[in-house]
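In: Mind looking at a prediction? Sequence and model below.
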Amino acid sequence: MIRTGYKDVKNHILSQIRKNIWPPGSSLPNEVDMAVTLGCARATISRAMRELVDEGVLERKRKAGTKVKASPTRRAQFTIPIIREEIEKNGATYRYDLVKRNILDAPDWLSSRLSLPKYNRVLQLRCMHYAGNAPYQLEDRWINLSAVPHAETFAFKTLGPNEWLVKEVPFTDGSLEFSATNATPYVAAFLNLPENAAVFTSERTTWLNNQNVTYAKLYFKRDYKMTTFL
C-alpha cells in the first residue's frame with residue numbers, strides 16, 4: 001500500500017511501467033479498481049493519470065481506457081523563470097527599468113495571434129533587465145486586461161511584469177517559441193549590439209483556461225544560454 005497523494009500514484013504507475021508489469025501498449029486498470037487497490041480516492045488516480053497523459057507517458061481514448069504509450073513522448077519541462085532570480089543566481093546585481101507603459105486597444109496582429117475580440121484593451125509594457133550595468137534582457141510585454149484587470153492599476157515602476165505575473169496570476173497553459181532574429185535599431189540600442197546582429201529571441205504566451213493572459217517577446221543578451229531538462 002502506498003501513500004495516497006497523486007504524486008505517489010504517479011510514481012507507482014511509473015514504477016510498474018519501468019518493471020514491465022505494464023509494458024508499452026498495455027492497458028491500465030480503470031480508475032475505480034486502481035483506487036480500491038491503492039486505498040485512495042478516484043480523483044487522486046484521475047489527476048495522476050491526467051498528468052502522465054500530459055507528460056506523454058500514457059494515452060487515453062474514449063471507450064478504450066488508458067494505455068501506456070507504445071512510444072512515450074519525451075517533453076522538455078519548463079518553468080517560467082523570474083529574471084531577477086536568474087541574474088542573482090549568477091552572482092550579479094539585478095536592475096530593472098520600465099521603458100514604456102501604455103494602455104490601448106489590441107493591435108490587429110495581437111488580436112489575431114491571441115484570438116482577442118475587437119477593441120479588447122491591453123497593457124503594453126517595455127522593460128529592461130540588467131545584470132549589474134550590462135544589458136541582460138529586453139522584454140516587450142502585452143497583458144490582456146480582460147483577463148487581468150488589476151494590472152491596469154499597477155505601476156510596474158519597481159517590479160517588472162515577469163515577476164508580478166508569476167506571483168499574482170495563475171495560468172493553465174502556455175506556449176514557447178525560440179528563434180534567432182536580427183536586432184532592429186531599438187533592440188540593438190537596448191542590448192548594446194550592432195544593428196542586424198543575431199539575437200536569441202523567445203516568444204511566450206500563457207492562458208488561464210481558454211482566456212489569454214499575456215504575450216511576451218523577449219530579447220536576450222549576447223551569449224545567453226538556456227538550459228532545460230527532459
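Out: In hand now; what should we look at?

In: And the strands in this protein, which stretches?
Out: 58-61, 65-68, 94-105, 121-131, 134-144, 173-182, 198-208, 211-220 (DSSP state E).

In: Of all the ones you listed, which one is nearest Ala41?
Out: Within those, the stretch nearest Ala41 is strand 65-68; the backing value is 17.0 Å (CB to CB). From N, CA and C alone the C-beta is placed, and that goes for glycine too.

In: ok, and what's touching the closest one?
Out: Outside strand 65-68, the residues within contact range by CB atoms under 8 Å, 6 or more residues apart in numbering are 17, 22-28, 30, 49, 53, 57-61.

In: what do you get if the cut-off is 10 Å, keeping everything else the same?
Out: 13, 16-17, 22-31, 34, 45-46, 49-50, 52-53, 57-61 (CB atoms under 10 Å, 6 or more residues apart in numbering).

In: Quick one: mean pLDDT for stretch 146-157?
Out: Average pLDDT, stretch 146-157: 96.

In: before we move on, the earlier item: which PyMOL command selects the buried ones in the contacts of strand 65-68?
Out: In PyMOL, this line selects whichever of the contacts of strand 65-68 come out buried by 16 or more other CB atoms under 10 Å:
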select buried, resi 13+17+22+28+31+34+45+46+49+52+57+58+59
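
In: Among the contacts of strand 65-68, which are located in helices?
Out: Under the assignment DSSP state H, the contacts of strand 65-68 contribute Ile13, Gln16, Ile17, Glu31, Met34, Ile45, Ser46, Met49, Arg50, Leu52, Val53 to helices.

In: State the distance from the first one to Val68.
Out: Which is Ile13. Going from Ile13 to Val68 by CB to CB, to the nearest Å gives 9 Å.

In: Identify the contacts common to those two.
Out: Common neighbours of Ile13 and Val68 (CB under 10 Å, 6+ apart) are Trp22, Leu28, Leu52, Val57, Leu58.

In: Domain parsing of the chain, as residue ranges.
Out: 6-68, 83-220 (automatic domain parsing).

In: The ones you listed into JSON lines, with extra columns for distance to Thr227?
Out: Formatted as JSON lines, those follow (distance: least, CB to CB, whole Å):
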{"stretch": "domain 6-68", "distance to Thr227": "19"}
{"stretch": "domain 83-220", "distance to Thr227": "11"}
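
In: right, and those - which one's nearest Met226?
Out: domain 83-220 (7.8 Å).

In: So what's the gap between that closest one and the chain middle?
Out: Centroid displacement of domain 83-220 relative to its chain, using CA atoms, centre = their mean, to the nearest Å, is 13 Å.

In: quick one on the thing from earlier: which of the domains of the chain comes out lowest on mean pLDDT?
Out: domain 6-68 (a mean of 89).

In: And that one, end to end?
Out: By CA to CA, to the nearest Å, the extent of domain 6-68 from end to end equals 18 Å.

In: Quick one: distance of it to the chain centre.
Out: On CA atoms, centre = their mean, the centre of domain 6-68 falls 25 Å from the chain's centre.

In: Any chance of the backbone angles for Ala92?
Out: phi -100, psi 160 (degrees, to the nearest 10).

In: Quick one: neighbours of the residue nearest to Asn30 when sequence neighbours are not counted, just the number.
Out: Residue nearest to Asn30 in three dimensions, not counting chain neighbours: Gly65, with 6.5 Å by CB to CB, 6 or more residues apart in numbering. When counting by other CB atoms under 10 Å, one arrives at 13 neighbours for Gly65.
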